[in-house]
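A.B. asks: predicted structure and sequence below. I'll ask about it afterward.
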Amino acid sequence: MPPALLKQVAELLLNSGGCIKFELKVCSKELHIALRGVSNEQTLKNFGLLAGYMRKRPTPTFLVASTLLVPGHIDKAEVAGIASFICSLSPDFPYALLAFHFQYRLNDLPPASRQDAQECLAEAKAQVESQHNVSGNGARR
């Protein structure tokens, strides 16, 4: 989405109490190109632009990030990279990991396993802990 349009949407939602749910599919530019056909550069820039609005309205939550755990594609290393990127903007961002289960497409893939999800969650938490330690913020979730 062009930044000018994204800013208009953000202002509208900011003033109306709305929330943006933003899916960060992968951290790796190469994997994003392989899966989506384009770089994730603009996606990450757009997320960074929206992150600035969090300071304007911390509650109710303005921006929530999520990642779909697609087996064989999104692993704990990708989640660690995404969580690190999110935490570089703020270690207090809401971040949801979503279990993949095919409904229509990608029916050749299994659902996300509990073990993989737990490993990804541990990586995401490690990034948050690391950022809290770097920033000197002793708060824990």
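C.D. replies: Noted; the coordinates are in hand. Numbering: from 1, shown residues only.

A.B. asks: residue 69: how many residues sit nearby?
C.D. replies: By other Cβ atoms under 10 Å, 23 other residues sit near residue 69. Placement of C-beta: from N, CA and C, glycine included.

A.B. asks: quick one: contacts for it?
C.D. replies: For residue 69, the contact set (Cβ atoms under 8 Å, 6 or more residues apart in numbering) comprises 79, 97-100, 112, 116-117, 120.

A.B. asks: filter those residues down to the buried ones.
C.D. replies: In these, burial by neighbour count holds for 79, 97, 100, 112, 116-117, 120, counting by 16 or more other Cβ atoms under 10 Å.

A.B. asks: sitting in helices, which of those residues do you find?
C.D. replies: Taking DSSP state H as the definition of helices, these contribute 79, 116-117, 120.

A.B. asks: that older thread, between the contacts of residue 69, which sits nearest residue 10?
C.D. replies: residue 98 (23.0 Å; Cβ to Cβ).

A.B. asks: quick one on the thing from earlier: a markdown table for the buried ones among the contacts of residue 69, including pLDDT and distance to residue 21?
C.D. replies: Supplementary listing: the buried ones among the contacts of residue 69 in a markdown table, determined by pLDDT from 0 to 100; distance: Cβ to Cβ, whole Å:
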| residue | pLDDT | distance to residue 21 |
| --- | --- | --- |
| 79 | 94 | 17 |
| 97 | 92 | 13 |
| 100 | 80 | 17 |
| 112 | 80 | 19 |
| 116 | 89 | 22 |
| 117 | 87 | 19 |
| 120 | 88 | 18 |
